[in-house]
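# 3D model of this:
(one chain, ligands or ions: 2)
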Amino acid sequence: MLHIPGAWQRTARGAGLLSSDGTVLPTIFAEMSALAGQTGAINLGQGFPDEDGPAEILEAARRAIADGLNQYSPGRGHADLLAAVAEHQQRFYGIELDPAREVLVTAGATEALAATLLALVDGPQDEVVVFEPFYDSYAACVALAGATHVPVPLRWPDLTPDLDELRAAVTGRTRIILVNDPHNPTGTVFDAEVKAEIVRLAHEHDATIVTDEVYEHLVIDGPHVPIATLPGAAERTLTISSGGKTFRTTGWKVGWISGPADLIDAVIAVKQFLTYVNGAPFQPAIAVGLRLSDAYFDGIAATQGVRRDLLGEGLRAAGFGVSVPGGSYFTVADAGALIEPGSDAADFCRALPARVGVAAIPVTAFVTPAHRAEFSTLVRFAACKQTGVIDEASRRLAASGA
Ligand code: PMP
Ligand code: GLN
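Ligands and ions are numbered 1, 2, ... in the order given. Reported below is the predicted structural model:
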């Protein structure tokens, strides 16, 4: 058996990827996409679109390559993308940023999260408060940073936090409150009261707020309200986003962070030794995307709304309980009525591709092992697919009695 040294052990364990014999398992996305591939199932598991992004963005990337933008970009990012991120934050949210000091381009939101956690926490005495279930890289990066992960549950069927539980989780040991809004996997859009309480608690305990807003333009009954726009929040908030979801370019891995210059500098100190820089020709192309008309951004939210509703109807017809998401690509469904006694959502999802021809993700992959039982019947389905595909998946689920 391969010996895996400390940091990787911690990461794999934090992410729930270390099996009892010490083997590192693939992420749930890799596992379920591989199963979908082997069985020819419709992949409503890993969240990636099944159509290309806007032609002008794709053309801008081709042009950048043809024009020779093929060497390292500047450390903070291509100047045009830094400017476009600042303009975007101003245009949509009224946030004023200095593009030269308060914006950093990263290798997707994934690197932004990793570099931020590695930069801002230092050992087990530092706690990171995370809503649970959580996007899988959060637990892995908290573990990699050697910090302590403090989950706050989002319970079925509302999938919203209880304010008393949130208050109990944030203490003098909290260094970071990590908020994914809209939230993966639940699709929850945090309401004004929750966001205000997060800011209040961060002030009370001198914590930094880190937000992951990769689904910012997929709030179905918008508008999206970044936490950084709340009174007193901007000075202690790092806001992370990415072009992957907004422009249907998940393979390009162009993300960014914005916020106070001293926090950005701390993140750069780590980021420069992770990737240094990435995606030179894709950066100006994402800048073109960020400057698209309002019609584009309104259009993707409206389309997602149609797909969410279609998937929700299909899941209900197939016997699932459905929690209606406010945003993101995802819908969480309760498969309690469909799961064999003695098994759980993970078993159900491993069998689903071969049995029904549909792949989905068990929510148990997004929780700490101690809380697995509370989420044991929940399944995440991705609705970032064309309507015909969602219809066919719904038909298969209904026909099989799921
Ligand atoms: N955060 C969340 C909540 C996500 O769903 C994802 C994946 N799509 C990421 C971060 C990673 O984004 P990127 O592909 O830009 O690294
Ligand atoms: N963010 C995508 C999802 O939640 C998957 C990204 C990945 O495979 N790491 O489905």
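
# C-alpha from now on. contacts and neighbour counts both.
Noted.

# and Asn184, helix, strand or coil?
coil (DSSP: H, G, I helix; E, B strand; the rest coil).

# got any ranges where this protein has weak pLDDT?
Within the chain, the stretches with pLDDT under 70 are 1-6, 402.

# so where do the strands sit in it?
Ranges of strands in the chain, per DSSP state E, are 42-43, 103-107, 127-132, 148-155, 160-161, 174-180, 208-212, 237-242, 254-258, 321-323, 330-334, 358-359, 361-362, 378-382.

# Send me the third one as PDB with only the CA atoms.
Included here for strand 127-132 are C-alpha records, laid out as PDB according to Å, rounded to 0.1, in the frame of the first residue of the first chain:
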ATOM      1  CA  GLU A 127     -11.600  27.200  13.600                       C
ATOM      2  CA  VAL A 128     -13.400  27.600  10.300                       C
ATOM      3  CA  VAL A 129     -17.200  27.600  10.500                       C
ATOM      4  CA  VAL A 130     -18.800  25.900   7.500                       C
ATOM      5  CA  PHE A 131     -22.500  25.300   6.700                       C
ATOM      6  CA  GLU A 132     -23.100  21.500   6.400                       C
END
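
# now that strand and strand 174-180, what's the angle there?
Counting by axes from the mean of the first three to the mean of the last three CA atoms, to 10 degrees, strand 127-132 points 20 degrees away from the direction of strand 174-180.

# Check whether strand 127-132 comes near ligand 1.
No - figure legend: strand 127-132 not in contact with ligand 1 (CA under 6 Å from any ligand atom); closest approach 11.5 Å.

# Single out the residue in the stretch 301-402 of the chain that lies closest to ligand 2.
Using CA to the nearest ligand atom, the closest approach of the stretch 301-402 of the chain to ligand 2 is made by Ala382 at 7.4 Å.

# OK, contacts around that residue?
Neighbouring residues of Ala382 by CA atoms under 8 Å, 6 or more residues apart in numbering: Leu44, Gly45, Gln46, Gly47, Tyr329, Phe330, Thr331, Ala360.

# bridging residues for it?
Under DSSP bridges, the beta-bridge partners of Ala382 are Phe330.

# Tell me the spacing between it and Val322.
Separation of Ala382 from Val322 (CA to CA, to the nearest Å): 13 Å.

# Which neighbours do the two have in common?
Residues touching both Ala382 and Val322 (CA under 8 Å, 6+ apart) are Thr331.

# ok, the nearest residue to Trp8 once chain neighbours are set aside to Thr11 distance?
Nearest non-adjacent residue to Trp8, counting by CA to CA, 6 or more residues apart in numbering: Leu144, 7.3 Å away. Leu144 sits 5 Å away from Thr11, going by CA to CA.

# And Phe131, by the same measure?
19 Å.

# next one: Asp221
Distance from Asp221 to Thr11, by CA to CA: 36 Å.

# quick one: which of those two has more around it?
Counted by other CA atoms under 10 Å, Asp221 and Thr11 do not tie: Thr11 has more neighbours, with 22 against 12.

# Just confirm that one contacts Ala140, I think it does.
Yes - when contacts are counted by CA atoms under 8 Å, Thr11 is listed as touching Ala140 (4.6 Å).

# can you tell if stretch 163-179 touches ligand 1?
No - using CA under 6 Å from any ligand atom, stretch 163-179 never reaches ligand 1; the gap is at least 9.3 Å.

# Identify each buried residue in that stretch, please.
For stretch 163-179, the neighbour count (16 or more other CA atoms under 10 Å) marks Leu166, Ala169, Val170, Thr171, Arg173, Thr174, Arg175, Ile176, Ile177, Leu178, Val179 as buried.

# so which of those would you say is closest to Ile268?
Ile176 (17.4 Å; CA to CA).

# does the closest one have beta-bridge partners, and which?
Val128, Thr208.

# How about the contacts made by it?
Leu120, Val121, Glu127, Val128, Val129, Ala207, Thr208, Ile209, Val210.

# Looking at those, spot the one nearest Glu216.
Closest to Glu216, out of all of the contacts of Ile176 and judged by CA to CA, is Val210, at 14.4 Å.

# rewinding a little: for my notes, please list the contacts of Ile176 in CSV and give distance to ligand 2 and neighbour count for each entry.
Below are the contacts of Ile176 laid out as CSV (distance: CA to the nearest ligand atom, whole Å; neighbours: other CA atoms under 10 Å):
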residue, distance to ligand 2, neighbour count
Leu120, 23, 18
Val121, 23, 20
Glu127, 24, 25
Val128, 20, 29
Val129, 20, 24
Ala207, 26, 25
Thr208, 24, 22
Ile209, 21, 26
Val210, 17, 24
